[in-house]
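Chemist: Have a look at this prediction, sequence included:
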Amino acid sequence: MESFVHVVILSMLVTTAIAIVRVKDLFAVTMLAGIYGLLSASFFVLMDAHDVAFTEAAVGAGISTLLVLTTLSMTGRFEKASVKPQTDYRPVLALVLVTVTGALLIYGTQDMPGFGTADAPVQTHVVPRYLNDSATEIGIPNVVASILASYRGYDTFGEVVVIFTAGIGVLAMIMSNTTKMPVVQTALMSDHVVLRIVSKMLIPLIMMFALYVQFHGEYGPGGGFQAGVIFASAFILYAMLFGLTAARKVVNNTLVQLLSALGVLLYGSVGVVAMINGGNFLDYNFLSDDPVAGQMLGILLVELGVGITVASVMIIIFFTFTARSQKEGEGD
Amino acid sequence: MEFLGLFNYWVVIVLMMIGFYIVICSNNLIKKLIGLTIFQTSVFIMYISMGKITGGTAPVLADGITLYSNPLTHVLILTAIVVGIATTALGLAIVVRIHESYGTVEEDEIHAKDKQA
């Protein structure tokens, strides 16, 4: 039964992807991409990857769809048909290229271990150590959280810096000078009374859920990355329904920009404190007299840093895009 | 689940090639970015499929459970998803700027304008 669901979801993924190729209406393409994200999230649940499914559902089906839609509102909804279809050999050449590449890759999969085998190389290298020793070394049940924040803390630090950098990049690229345009912006959906009331009730719950995901991440699926995205989606929902001006009264630009840097700083400081106490960078054993308590403290702080940075970068990205699209709307 | 064999990986390759095809063939920059997202997600599916063990469960330690799926691939993909959206946002920001400078997001029109200049 499980494998049946599994095959169905994978076939639906392929169908959605083919539909994305064929459809010319970019609005429909964006919606299909959202469906694609949600389907892959369901697939991840089936594969026991609940942490990943969480993130993919919030990011793939939620935030990325919104960002593409905001971009479409600036660039136009329809993809133009090719100007000279008679002489355009590109599709044929591309089809040949992807078929050959795909065939070679499928030939390559013949050497892969079968799906679900417990003695595949990927399962036997470092993973048994994580699974067997993390309970005594780190002392938290969610192995994903202990690898993310402790065993592979350097890696995660790098990822957080990348996210922070992308936030700066978006700001550098399309930040509008807000002081020059004192627009009293009316919300896009101000006439949808039901939506406004229902989401006003939902927003506190979304934020509370984000905090639960943040601080319960050591014991169940969750952690800073997921919580950050969910927390940001509460603000994004508010901005969509009540307008950017109202949302900026709650969190102004300077505050989110400071917070996005603060998260990275918190993460780095934990590493430096570990160094001052005589350990290596990000070695949480040295944060406290008891190594396990030190690990718990380190993971809590590091996940908090991740959550703060991810949430504020997502808010920055959405606010910047929306502000840009409104400015552009005025220019026309 | 034995009969599935390598089915997952074949689906991954098909999805990857569809994404690749969109990136090569689409004239519209936004659609190219969506193609990249499909490509990216196919890699996520490959990692998560590799980590699954038949009969295993989610890697949250609990009494009485001995077989867990691979937590390492989950960690790698979890962070990759969030980094992916951040870089996609950066790509979209570049598209917005291109649209402001050229008035279009169609690749051939951008090339035509470049040749005129």
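Modeler: Cool, the structure landed.

Chemist: Quick one: distance of the longest helix along chain A to the chain centre.
Modeler: Counting residues, the longest helix found in chain A (DSSP state H) is helix A:291-331. Taking C-alpha atoms, centre = their mean, to the nearest Å, one finds helix A:291-331 lying 10 Å from the centre of the chain it belongs to.

Chemist: Now the residue positioned nearest the centre of chain A: closest residue in space, sequence neighbours ignored.
Modeler: Taking C-alpha atoms, centre = their mean, the centroid of chain A lies closest to A:V59, which sits 4.3 Å from it. The shortest distance from A:V59 to any residue that is not its chain neighbour, by C-beta to C-beta, 6 or more residues apart in numbering or on different chains, is 4.7 Å, and that residue is B:I85. Every C-beta, even on glycine, is put in place using the N, C-alpha and C of the backbone.

Chemist: Am I right that that neighbour is in contact with A:S64?
Modeler: Yes: with the criterion set as C-beta atoms under 8 Å, B:I85 and A:S64 qualify as a contacting pair; they are 5.4 Å apart.

Chemist: So those two - more neighbours on which side?
Modeler: B:I85 (27 against 24; other C-beta atoms under 10 Å in any protein chain shown).

Chemist: where's that one relative to A:L259, distance?
Modeler: 18 Å (C-beta to C-beta, to the nearest Å).

Chemist: The residue nearest to A:V59 belongs to a helix, doesn't it?
Modeler: Yes: with DSSP: H, G, I helix; E, B strand; the rest coil as the criterion, B:I85 is assigned to a helix.

Chemist: Now do the helices in the stretch 1-150 of chain A.
Modeler: For the stretch 1-150 of chain A, helices defined by DSSP state H, counting those that start in this stretch occupy the ranges A:2-22, A:26-46, A:50-56, A:64-75, A:90-109, A:121-124, A:127-137, A:143-146.

Chemist: Oh, that last question was meant for chain B, not what I typed.
Modeler: Using DSSP H, the helices assigned to chain B run over residues B:7-25, B:29-51, B:71-102, B:107-116.

Chemist: Format the CA atom coordinates belonging to the last one as PDB.
Modeler: Pointing back at helix B:107-116 there. As requested, the backbone C-alpha atoms of helix B:107-116 are provided in PDB (Å, rounded to 0.1, in the frame of the first residue of the first chain):
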ATOM      1  CA  GLU B 107      15.800  36.200 -23.800                       C
ATOM      2  CA  ASP B 108      15.800  36.800 -27.600                       C
ATOM      3  CA  GLU B 109      14.500  40.400 -27.100                       C
ATOM      4  CA  ILE B 110      17.200  41.100 -24.600                       C
ATOM      5  CA  HIS B 111      19.800  39.800 -27.100                       C
ATOM      6  CA  ALA B 112      18.300  41.900 -29.900                       C
ATOM      7  CA  LYS B 113      18.500  45.000 -27.700                       C
ATOM      8  CA  ASP B 114      22.100  44.200 -26.800                       C
ATOM      9  CA  LYS B 115      23.000  44.000 -30.500                       C
ATOM     10  CA  GLN B 116      21.400  47.400 -31.200                       C
END
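
Chemist: Report how many residues lie close to A:G298.
Modeler: A:G298 - counted by other C-beta under 10 Å - has 25 other residues nearby.

Chemist: What distance do you get for the closest residue to it other than its chain neighbours to chain B?
Modeler: Nearest non-adjacent residue to A:G298, counting by C-beta to C-beta, 6+ apart: A:Y284, 2.8 Å away. Relative to chain B, A:Y284 is positioned 16 Å away (C-beta to the nearest C-beta, to the nearest Å).

Chemist: before we move on, back to that, now the helices of chain B as TSV including mean pLDDT?
Modeler: As requested, the helices of chain B are exported to TSV (pLDDT from 0 to 100):
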stretch	mean pLDDT
helix B:7-25	92
helix B:29-51	93
helix B:71-102	91
helix B:107-116	88
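
Chemist: Which among those is found nearest to A:G37?
Modeler: Evaluated over the helices of chain B, closeness to A:G37 peaks at helix B:29-51, with 7.3 Å, by C-beta to C-beta.

Chemist: elements contacting the closest one?
Modeler: Here helix B:29-51 is seen to pack against helix A:2-22, helix A:26-46, helix A:50-56, helix A:64-75, helix A:121-124, helix B:7-25, helix B:71-102 when contacts are counted using 3 or more C-beta pairs under 8 Å, 6 or more residues apart in numbering or on different chains; DSSP states H and E.
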